[in-house]
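Chemist: Sequence first, predicted model second:
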Amino acid sequence: MTSNKNSKGEGLRSGFEVRLTNELARRGVAYEYEAIRIPYTPKSVRHYVPDLILENGIIIEIKGRFTSADRQKHKYIKQCYPDLDIRFVFQRSTQKLSKTSQTTYAKWCETNGFKYNDGYIPLSWAKEPKNETNLIHIQHWRRQK
């Protein structure tokens, strides 16, 4: 971890995460940072630690760069947990996957069934009803920690 700290004093991995968590705190939105590990199985069991979990159970991944490894990991997770609601917030969703690709981060999310936003976490996400499916998974993974 770096020395990036938000207004709650949490050590975060990037300045973008600091900015978004400070915005949630300013709006009074409850969240947990990297609170659970989600097991998934590409060839062997791995674990994914999501950036944020909103109080209603929505899982948020904050991305500046969205690497090929990140994309593959999220495809595996989607295969293992097709009903899990993971959403992305990109610094710039119009960024192309690579220099040679015409596909943007946004288009990748649309193609692969992930909700996303550009630059900030919409308050509407925090106001959505509880996602019971996510909350059941989260409770299970907390017990495994």
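Modeler: Sure thing, it's come through. A quick note: this is a predicted structure, and the numbers were derived from the prediction, not measured.
Chemist: Give the other helices and strands that the helix or strand hosting Y76 contacts.
Modeler: Element membership of Y76 [criterion: DSSP states H and E] is helix 68-80. For helix 68-80, the packing partners by 3 or more CB pairs under 8 Å, 6 or more residues apart in numbering; DSSP states H and E come out as strand 38-40, strand 46-48, strand 86-90, helix 105-112. In this view, the C-beta of every residue, glycine as well, is placed from N, C-alpha and C.
Chemist: got the angle for that helix vs helix 105-112?
Modeler: Counting by axes from the mean of the first three to the mean of the last three CA atoms, to 10 degrees, helix 68-80 lies at 20 degrees to helix 105-112.
Chemist: The chain should start at 9 in everything you say after this.
Modeler: From this message on, residue numbering opens at 9, which makes the last subject helix 76-88.
Chemist: measure stretch 12-23 end to end?
Modeler: 6 Å (CA to CA, to the nearest Å).
Chemist: That stretch: which residues count as buried?
Modeler: Across stretch 12-23, burial judged by 16 or more other CB atoms under 10 Å covers 12, 14, 18, 20, 22.
Chemist: can you tell me how far the fourth one sits from A43?
Modeler: Noted for L20: a distance of 13 Å to A43, by CB to CB, to the nearest Å.
Chemist: try the third one
Modeler: When CB to CB is the yardstick, E18 and A43 sit 11 Å from each other.
Chemist: Check whether the residue nearest to the spatial centre of the chain sits in a helix, strand or coil.
Modeler: A centroid search over the chain (CA atoms, centre = their mean) returns E69, at 1.6 Å, as the residue closest to the centre. Three-state call for E69 (DSSP: H, G, I helix; E, B strand; the rest coil): strand.
Chemist: Which strand residues bridge it?
Modeler: Counting by DSSP bridges, E69 is bridged to F96.
Chemist: Where does pLDDT dip in this protein?
Modeler: For the chain, the stretches flagged by pLDDT under 70 are 9-10, 153.
Chemist: repeat that for 50
Modeler: Scanning the chain for pLDDT under 50 picks out the ranges 9.
Chemist: Assign the residue lying farthest from the centre of the chain to helix, strand or coil.
Modeler: The outermost residue of the chain relative to its centre, with distances by CA atoms, centre = their mean, is T108 at 25.8 Å. Assigned with three-state DSSP, T108 falls in the coil class.
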